[in-house]
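A.B. asks: When you get a sec, could you give me coordinates for this:
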Amino acid sequence: MEKYIKAPLDAETARSLKAGDYVYISGTIYTARDAAHKRMQEALNAGEKLPVELEENIIYYLGPTPARPGRVIGSAGPTTSSRMDKYTPQLLDLGLRGMIGKGKRTQEVRDAIVRNGAVYFAAVGGAGALLSRQIIKSEVIAYEDLGTEAIRKLEVENLPAIVVIDSEGTDLYEKVKDQK
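C.D. replies: Residues are numbered from 1 along each chain as shown. So this is what the prediction gives:
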């Protein structure tokens, strides 16, 4: 089923999404990859405030290439989500509502998704140039010294993704594997 959703992502919308749904996301999302997640973890461990409000927000596991002249952002394909898994349950418990990446997630992440009524989306790997066309604004908001891994605030319009793990814990990867 195709659905058009807005970000930030409210609880009701997140719960309405089912594994296998095709979604088009519009609104504000944030980027963060390995190095940014490590920094956020260090900030939390030090009792510091995070540079981005997590409540109902979506993080896209993305480290874009530099923008070409006339473009908002360079190639914007997803990175492998499992690299963020050791940080993700805590971020979900702090209100993060969704993540966009590629690949499987650990059982701990899946449990945290269910516990918090969140959702995990997959974007098509290898299609970064096409995905970048759906990004209409990009602004570095934290950890600028990390270069492409800095946290960015993005405005997106109809960014395509697939619901891989829904708020009930249904995992599309497992579902497809079981059908073989």
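A.B. asks: low-scoring stretches of this protein, by residue?
C.D. replies: 177-180 (pLDDT under 70).
A.B. asks: Which residue ranges of it form strands?
C.D. replies: For the chain, the strands defined by DSSP state E occupy 2-7, 22-31, 58-60, 98-101, 119-122, 135-142, 151-165.
A.B. asks: Dump those to a markdown table, plus distance to residue 70.
C.D. replies: All C-beta atoms are positioned from the backbone trio N, CA, C, and that covers glycine. Written out in a markdown table, the entries for the strands of the chain read as follows (distance: least, CB to CB, whole Å):
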| stretch | distance to residue 70 |
| --- | --- |
| strand 2-7 | 25 |
| strand 22-31 | 21 |
| strand 58-60 | 22 |
| strand 98-101 | 25 |
| strand 119-122 | 28 |
| strand 135-142 | 13 |
| strand 151-165 | 17 |
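A.B. asks: Quick check: which of these is nearest to residue 38?
C.D. replies: Counting by CB to CB, residue 38 lies closest to strand 151-165 out of the strands of the chain; the figure is 12.0 Å.
A.B. asks: My read is that residue 153 contacts residue 32, right?
C.D. replies: No - in this structure, residue 153 is not within contact of residue 32 by CB atoms under 8 Å, at 10.9 Å.
A.B. asks: intersection of neighbour lists for these two?
C.D. replies: Common contact partners of residue 153 and residue 32 (CB atoms under 8 Å, 6 or more residues apart in numbering): residue 52.
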